[in-house]
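Trainee: Take this sequence and fold it.
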Amino acid sequence: MRKIIEFNESKFEDGVLHLHTEQDDLIKGIKPAGQIIADSERFAFVYLAENEEEFVYLYLDESIWGQLKKALEEKSRVIVKSKEESFELEGFHEELDYLISNIEGNGNYGDEMVKKVETAFID
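Mentor: From the prediction side, this is the model:
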């Protein structure tokens with residue numbers, strides 16, 4: 001079964017984008033894997049992290065894309081935070097830039113995903 005982390009709050013603090021989760025149990029012991037993939041069915045980007053046994057999927061849902069765009073434009077650090085743990089999403093800018101350029105005009109991701117990404121990040 002996939003381990004999925006979702007964020008209940010995202011906000012900029014001192015030029016850093018903080019993604020907050022209450023899923024402390026899943027955050028413990030994970031490390032950034034430095035890769036982002038797309039979930040076209042849920043209209044989300046998924047940052048891959050890992051623990052000793054498996055990948056953990058950090059869902060960057062459409063609701064925070066405006067802040068992700070700002071983080072890209074300003075080259076802001078992106079930090080995942082829970083009550084007890086925090087870590088930076090390594091390779092975030094390069095990976096998201098690459099994925100956005102791949103999705104642009106590419107029907108393989110589904111027309112609706114392409115439209116949403118182009119509207120949020122390119123238009």
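
Trainee: Contacts only, for Phe7.
Mentor: Residues near Phe7 by CB atoms under 8 Å, 6 or more residues apart in numbering: Leu19, His20, Thr21, Leu58, Tyr59, Leu60, Asp61, Ile64, Val80. Yep, even glycine has a C-beta here, placed from its N, CA and C like the rest.

Trainee: Can you spell out which residues form a bridge with the second one?
Mentor: Counting by DSSP bridges, His20 forms beta bridges with Glu9, Lys81.

Trainee: and Tyr98, which of the three is it?
Mentor: helix (DSSP: H, G, I helix; E, B strand; the rest coil).

Trainee: Show the contacting residues for it.
Mentor: Contacts for Tyr98 (CB under 8 Å, 6+ apart) come out as none.

Trainee: How about residues contacting stretch 20-32?
Mentor: Taking CB under 8 Å, 6+ apart as the rule, stretch 20-32 contacts 3, 5-11, 47, 49-52, 56, 80-85, 87-91.

Trainee: State the mean pLDDT of the longest strand seen in the chain.
Mentor: Scanning the chain for the strand with the most residues, using DSSP state E, yields strand 31-39. Taken as a whole, strand 31-39 carries a mean pLDDT of 96.

Trainee: cool, and stretch 60-79?
Mentor: 96.

Trainee: can you check stretch 13-22 too?
Mentor: Mean predicted lDDT for stretch 13-22 stands at 96.
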